[in-house]
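J.: got a sequence here, can you model it:
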Amino acid sequence: MSAIKNVGLTITLIRHQKNISTSELAERCGFSIAMMEQIEQNETIPSLGHLIKVARALGVRLGTFLDDMDQLGPVVTRKGDVKKGTSFSNKNSNARLNLDFFPLASDKSGRHMEPFIVEITPSSISDFTQSSHEGEEFIYVLSGNIEIKYGKDIYALSEGESIYYDSVVDHHVHAADESPAKILAVVYAPF
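T.: Next comes the predicted model:
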């Protein structure tokens with residue numbers, strides 16, 4: 001499989017194992033059948049919120065869609081070993097074009113947190129589409145400057161600063177200026 005996890009194929013395989021039809025899964029998630037088919041065929045990258053709904057509907061952990069192996073012990077990621085992963089931000093796939101996710105623990109089975117390095121490129125968009133999902137997020141800025149639109153507030157963070165917030169509040173993470181930024185993001189989504 002490629003460096004980018006085939007989320008749609010994983011959903012389809014689990015759905016078949018559990019003998020659930022596409023229409024039944026779409027109904028359980030509150031999606032249209034067309035949207036569910038687009039997700040399974042990798043025509044649409046699901047938002048984190050959508051992926052959490054799919055995980056719950058299938059009775060699996062969120063991390064199931066990111067797992068590469070079932071490592072029961074600690075997972076160590078060495079410098080240079082990080083591979084590009086799937087982007088999960090919001091329902092508008094255009095809003096994810098400026099975020100590249102690099103998972104740090106995709107080999108760890110049974111995990112409840114999803115740690116990522118996220119590279120953020122500047123965007124010409126100023127009216128960001130916010131998203132929300134169950135759980136919590138922790139962000140630590142490794143380099144550059146970012147803004148987090150959280151509800152109606154905006155938090156500006158620079159290198160060495162962090163934020164921890166409830167993901168049920170609408171939010172969006174983006175570069176604060178015309179320079180790229182890099183963050184460590186840890187997402188917790190309850191099962």
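J.: show me this structure divided up by domain.
T.: 7-65, 93-188 (automatic domain parsing).
J.: where in the protein is pLDDT low?
T.: 1-5, 66-73, 82-97, 191 (pLDDT under 70).
J.: the nearest residue to Ala176 once chain neighbours are set aside: neighbour count?
T.: Excluding its sequence neighbours, the residue lying closest to Ala176 (Cβ to Cβ, 6 or more residues apart in numbering) is Asn145, at 3.9 Å. Where C-beta positions appear, they are placed from N, C-alpha and C, glycine not excepted. Per other Cβ atoms under 10 Å, the neighbour tally for Asn145 reads 17.
J.: who's in contact with Asn145?
T.: Asn145 makes contact with 156-159, 175-177, 179, 181, according to Cβ atoms under 8 Å, 6 or more residues apart in numbering.
J.: ok, of these, which come out buried?
T.: Buried subset of those (neighbour count, 16 or more other Cβ atoms under 10 Å): 157, 175-176, 181.
J.: tabulate those in CSV, adding columns for secondary structure.
T.: Formatted as CSV, those follow (DSSP: H, G, I helix; E, B strand; the rest coil):
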residue, secondary structure
Leu157, strand
Ala175, strand
Ala176, coil
Ala181, strand
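J.: wait, which of those is closest to Lys108?
T.: Within the buried ones among the contacts of Asn145, proximity to Lys108 (Cβ to Cβ) peaks at Ala181, which comes in at 26.0 Å.
J.: looks like the closest one contacts Ile120 (just checking).
T.: Yes. If you go by Cβ atoms under 8 Å, Ala181 and Ile120 touch, sitting 4.5 Å apart.
J.: before we move on, the earlier item: how close does the residue nearest to Ala176 sit to Pro122?
T.: 10 Å (Cβ to Cβ, to the nearest Å).
J.: what sits in contact with each of these two?
T.: 175, 177, 179.
J.: from memory the first one sits against Ser158, does it?
T.: No. Distance between Ala175 and Ser158: 11.8 Å, which falls outside the contact criterion (Cβ under 8 Å).
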